[in-house]
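>>> Whatever this is, show me its structure:
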Amino acid sequence: MASLVQLSDVHFGAHDPKVVQGVEDFLLARRPDLVVVSGDFTQRARVSQYREAGEFLDRLEQGGLATLGVPGNHDVPFYDVVRRFVRPLHRYKKYIDDDLCPWFENDTLAVLGINTARSLTFKEGRISHAQMDLIRARFRDVAEAKTRILVTHHPLFALPIGEGEGLTKTVGRHEGALQAVADAGVQMVLAGHYHRSFSRSARDMVEKAGRELVIQAGTATSTRLRDGETQSFNWIDVPRPGAVELRVYGWTGEAFTAGTPAGFAFEDERWATYEPQPA
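Below is the predicted model:
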């Protein structure tokens, strides 16, 4: 069985230190195969915030955990206009990772991160044609038995954001991105940005979707919480090819505890749900 944890929107600079310590303690004790951070490492892309975020990753890696992250819109300077347009992710490359589209592969997983943060869009994201080509190229020679996962900060799909609030926005060049993901045979797309947990088969959402299971993460450590949500992260198990088991761990004030698990099996060209065994 392979396992990965998806953290998102950690927002160092608007974080709760007690929750950060809770995340570290949990991960270092449970030891997933990979820790994914799907964007918004910082609150305002300041040096002090990047330094704290980098030190957090360093502690996980020094503890023997593999990590993979992508930038979010908060990781691009907002008020520093010159830096925003001339060197928007210079600090990200210095303190987090100089690779904006990182790759991880082991015996069971193949994971690609894609940077969707842009200087011009401020809040929303975008995927370039070159990135679409990269998605196809990276997964082209991956063995069929491996689970293919794409990580972005901004969702590729429009999502329900609350009762009566309609749907979220998607990344720019949305249709081309979905076609690239389908061509690459991606089975899971992980994103954040909206600070809400969500999971659903893409083919239940978009008629021409590929074979993706859409998984959204809430904020892991930020104090910027949506109504009805607490800090949380996703624990994702892959017990076998074509199966995914998801547990959302929420912060109780003292520790992270698991909610009701959800199981997904790829059957008849879509992800059907099942009840997994307790952890």
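>>> From now on I want contacts and neighbour counts done on CA atoms only, so please keep to that.
Noted.
>>> What residues are recorded as beta-bridge partners of the nearest residue to residue 259 once chain neighbours are set aside?
Using C-alpha to C-alpha, 6 or more residues apart in numbering and skipping residues adjacent in sequence, the residue nearest residue 259 is residue 248, 5.6 Å away. In this entry, residue 248 is beta-bridged to residue 234, by DSSP bridges.
>>> just checking, residue 248 touches residue 258?
Yes - in this structure residue 248 lies within contact range of residue 258 using C-alpha atoms under 8 Å: 5.7 Å.
>>> Look at those two and report which has more neighbours.
Per other C-alpha atoms under 10 Å, whichever of residue 248 and residue 258 has more neighbours is residue 248, with 22 against 17.
>>> show me the contacts for the more buried one.
197, 232-235, 258-261 (C-alpha atoms under 8 Å, 6 or more residues apart in numbering).
>>> what's the lowest-pLDDT member of these?
Of all the contacts of residue 248, residue 197 has the smallest pLDDT value, namely 89.
>>> how many other residues sit next to that one?
For residue 197, the tally of surrounding residues (other C-alpha under 10 Å) stands at 18.
>>> ditto for residue 29
Tallying neighbours of residue 29 according to other C-alpha under 10 Å, which is how burial is gauged here, yields 10.
>>> Need the pLDDT of the nearest residue to residue 215 once chain neighbours are set aside.
Computed as C-alpha to C-alpha, 6+ apart, the closest residue to residue 215 that is not its neighbour in sequence is residue 199, at 4.4 Å. At residue 199, the predicted lDDT confidence score is 90.
>>> in the protein, which spans are helices?
Along the chain, the segments classed as helices by DSSP state H run 17-30, 47-62, 81-86, 90-95, 129-140, 174-183.
>>> Next, format the ones you listed as TSV and append mean pLDDT and distance to residue 109.
Listed next are these as TSV, based on pLDDT from 0 to 100; distance: least, C-alpha to C-alpha, whole Å:
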stretch	mean pLDDT	distance to residue 109
helix 17-30	98	18
helix 47-62	98	19
helix 81-86	50	34
helix 90-95	95	25
helix 129-140	97	11
helix 174-183	87	16
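>>> List just the nearest of the contacts of residue 248 to residue 221.
residue 232 (7.6 Å; C-alpha to C-alpha).
>>> May I ask you to confirm that that closest one is in contact with residue 251?
Yes - contact criterion C-alpha under 8 Å: residue 232 and residue 251 qualify, at 6.1 Å.
>>> quick one: which of the two has more around it?
Each of residue 232 and residue 251 had its neighbours counted (other C-alpha under 10 Å), and the higher figure belongs to residue 232 (28 against 19).
>>> Would you quantify the distance from the more buried one to residue 260?
13 Å (C-alpha to C-alpha, to the nearest Å).
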